[in-house]
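Peer 1: Below is the structure, and that's it, no one-letter string:
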């Protein structure tokens, strides 16, 4: 059974940092891309960034480049999202998902999200 567990969310002040984790199990981690999406209150889910099996990152939107960094620890089957210089508009539930062997918008699997709240 594929499982994705996101964690690390919380309340942070604007300008602060958080690191989210996505622990994966039930599939061969090295063979699949992992993506982070987020959904703000009243808005549609949007892509944040995806990490390819090569370790390279693909950002779904340029606005997060330079502030958000994705990385993975294959030994732990875990993907991280380091978020710096957080803004109130980054407040959202953050989800990790598996788009397949390549990055994309359609997810084969979703995990439960973790809430990030950025106060002004």
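Peer 2: Sure, I can see it. Just so it is clear, the model here is predicted, and its values are computed rather than measured.
Peer 1: Which of the three states applies to residue 63?
Peer 2: Going by DSSP: H, G, I helix; E, B strand; the rest coil, the secondary structure assigned to residue 63 is helix.
Peer 1: which one is residue 113 nearest to, not counting chain neighbours?
Peer 2: Distances taken as C-beta to C-beta, 6 or more residues apart in numbering put residue 93 closest to residue 113, at 3.9 Å, once the chain neighbours are dropped. The way it works is simple: take the backbone N, C-alpha and C, and place the C-beta from them, glycine included.
Peer 1: For the helix or strand where the one you found lies, which strands pair with it and how are they oriented?
Peer 2: Taking DSSP states H and E as the criterion, residue 93 maps to strand 92-100. The strands beside strand 92-100 in its sheet (DSSP bridges) come out as strand 33-39 (antiparallel), strand 109-110 (antiparallel), strand 114-119 (antiparallel).
Peer 1: Now do the contacts for residue 33.
Peer 2: 50-53, 98-104 (C-beta atoms under 8 Å, 6 or more residues apart in numbering).
Peer 1: Tell me the bridge partners for it.
Peer 2: Applying DSSP bridges, one finds that residue 33 bridges with residue 100.
Peer 1: Also residue 57?
Peer 2: With DSSP bridges as the rule, residue 57 is bridged to residue 51.
Peer 1: Start at 75, not 1
Peer 2: I'll keep to 75 as the first residue from here, and by that count the last item is residue 131.
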